[in-house]
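A.B. asks: What would the 3D arrangement of this be:
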Amino acid sequence: MGFIELERSDGIATLVLNRGKVNALNGAVVDELGGLLTTLENDREAKSVILTGSGKFFSFGFDIPEFLPFTRDRFAPYLTRFTALYTYLFLYPKPVVAALNGHTIAGGCMLALACDCRVMARGKAKISLNEIGFGSSVFAGSTEMLRFWVGSAKATQVLYSGEMFSAEEAKNVGLVQEVTTEEDLLSSARQVAQNFAAKSPEAFTSIKSLLRKPIAEEMMRREDQSIKEFLDIWYSDATRANLQSIKIY
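C.D. replies: Below is the predicted model:
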């Protein structure tokens with residue numbers, strides 16, 4: 001059974017995360033999303049991509065209860081695959097619009113940051129890199145993507161506080177570019193995707209690469225070490241105690 005639905009219409013491909021109530025990320029989701037993105041990259045009919053979630057969550061982030069029993073040696077390859085996925089998405093040659101239908105947390109926020117634009121539904125939904133709140137760190141790539149969008153000072157605010165931002169607050173910080181209603185979310189995201197699709201694809205790909213490749217090179221240069229540091233903290237006694245209390249279903 002797949003966890004991602006693919007819908008196509010008028011040159012726009014929409015990928016819908018659909019895994020339980022909170023669209024938690026695990027190895028199967030990462031592999032499936034990467035495979036679908038690769039397929040769409042090679043599909044001439046797909047001019048732009050929308051990434052969204054089902055229900056009240058875009059994504060909670062990592063499926064912590066699933067990963068808690070993992071040994072360090074078993075968990076590390078997943079982190080390598082996950083960070084490789086958001087790096088691939090960050091450099092993706094076609095436009096990708098994140099339609100944030102609900103809570104966009106931690107690893108879910110990292111995927112959203114890799115996209116070209118984030119449109120978020122106002123209401124109860126929050127967006128956050130809240131890892132510090134439960135004693136975890138983040139990754140070099142996620143830090144660089146955050147800095148790319150909001151600058152160093154605001155990136156420090158976001159990461160040190162672990163604050164949960166409403167759609168309006170997130171727009172003020174620079175985490176999202178557009179805020180709309182839940183009812184209009186997908187139509188607003190489609191309009192952004194269509195505007196991107198109307199551009200010369202060759203020019204778009206070239207400009208995107210010029211903007212992002214130097215950042216991605218820095219991400220990749222530092223990623224392995226950041227994963228090691230992440231693992232050291234994740235498997236510390238204090239963080240493990242915090243993780244034990246997290247329930248997502």
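A.B. asks: Can you get me a residue count around residue 209?
C.D. replies: By the measure other Cβ atoms under 10 Å, the count of residues near residue 209 is 13. C-beta here means a position set from N, CA and C on the backbone, and glycine is covered the same way.
A.B. asks: What's the local residue count around the residue nearest to it when sequence neighbours are not counted?
C.D. replies: Excluding the flanking residues, the one nearest residue 209 by Cβ to Cβ, 6 or more residues apart in numbering is residue 91, at 7.0 Å. A total of 17 residues lie near residue 91 under the criterion other Cβ under 10 Å.
A.B. asks: My read is that residue 91 contacts residue 216, right?
C.D. replies: Yes - contact criterion Cβ atoms under 8 Å: residue 91 and residue 216 qualify, at 5.3 Å.
A.B. asks: And the biggest helix by length in the chain, what's buried?
C.D. replies: As assigned by DSSP state H, the longest helix anywhere in the chain is helix 201-234. Residues 204-205, 208, 212, 215-216, 219, 223, 226-227, 230-231, 234 are the ones in helix 201-234 that count as buried (16 or more other Cβ atoms under 10 Å).
A.B. asks: gap between residue 240 and residue 107?
C.D. replies: Shown here: residue 240 relative to residue 107, a distance of 18 Å by Cβ to Cβ, to the nearest Å.
A.B. asks: more neighbours, those two?
C.D. replies: A direct count of neighbours by other Cβ under 10 Å for residue 240 and residue 107 places residue 107 higher, at 28 against 13.
A.B. asks: What residues does that one make contact with?
C.D. replies: 25, 59, 61, 62, 82 (Cβ atoms under 8 Å, 6 or more residues apart in numbering).
A.B. asks: hmm, which two among these are most spread apart?
C.D. replies: The span of the contacts of residue 107, defined through Cβ to Cβ, is set by 59 and 82 at 11.7 Å.
A.B. asks: which residues do these two both contact?
C.D. replies: Jointly contacting residue 59 and residue 82 under the rule Cβ under 8 Å, 6+ apart are 25, 107.
A.B. asks: if we can go back for a sec, quick check, pLDDT for the residue nearest to residue 209.
C.D. replies: Residue 91 is assigned 98 on the pLDDT scale.
A.B. asks: How about the one 4 residues further on?
C.D. replies: In the prediction, the pLDDT value recorded for residue 95 is 98.
A.B. asks: Okay, helices next: where are they in this protein?
C.D. replies: Secondary structure of the chain (DSSP H): helices located at 27-41, 64-67, 72-90, 107-113, 140-161, 167-173, 185-197, 201-234, 237-244.
A.B. asks: Nearest to residue 125, out of these?
C.D. replies: helix 167-173 (6.3 Å).
A.B. asks: Can I get the closest one in CSV, CA atoms only?
C.D. replies: Coordinates of each C-alpha in helix 167-173 appear next as CSV, following Å, rounded to 0.1, in the frame of the first residue of the first chain:
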residue,chain,number,x,y,z
ALA,A,167,0.2,31.0,9.1
GLU,A,168,0.2,34.7,9.6
GLU,A,169,3.2,34.6,12.0
ALA,A,170,5.1,32.3,9.6
LYS,A,171,4.5,34.7,6.7
ASN,A,172,5.9,37.6,8.8
VAL,A,173,9.0,35.5,9.6
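A.B. asks: pLDDT of that helix, averaged?
C.D. replies: Averaging pLDDT along helix 167-173 yields 98.
A.B. asks: Give me the residues contacting it.
C.D. replies: Defining contact as Cβ under 8 Å, 6+ apart, one finds that helix 167-173 is touched by 100, 120-123, 125, 127, 150, 154, 157-158, 165, 176-179.
A.B. asks: Please list only the buried members of those residues.
C.D. replies: Buried members of these, scored by 16+ other Cβ under 10 Å, are 100, 120-121, 125, 127, 150, 154, 158, 165, 176-179.
A.B. asks: Go through the residues you listed and name the one nearest residue 134.
C.D. replies: Nearest member of those to residue 134, counting by Cβ to Cβ, is residue 158, at 15.7 Å.
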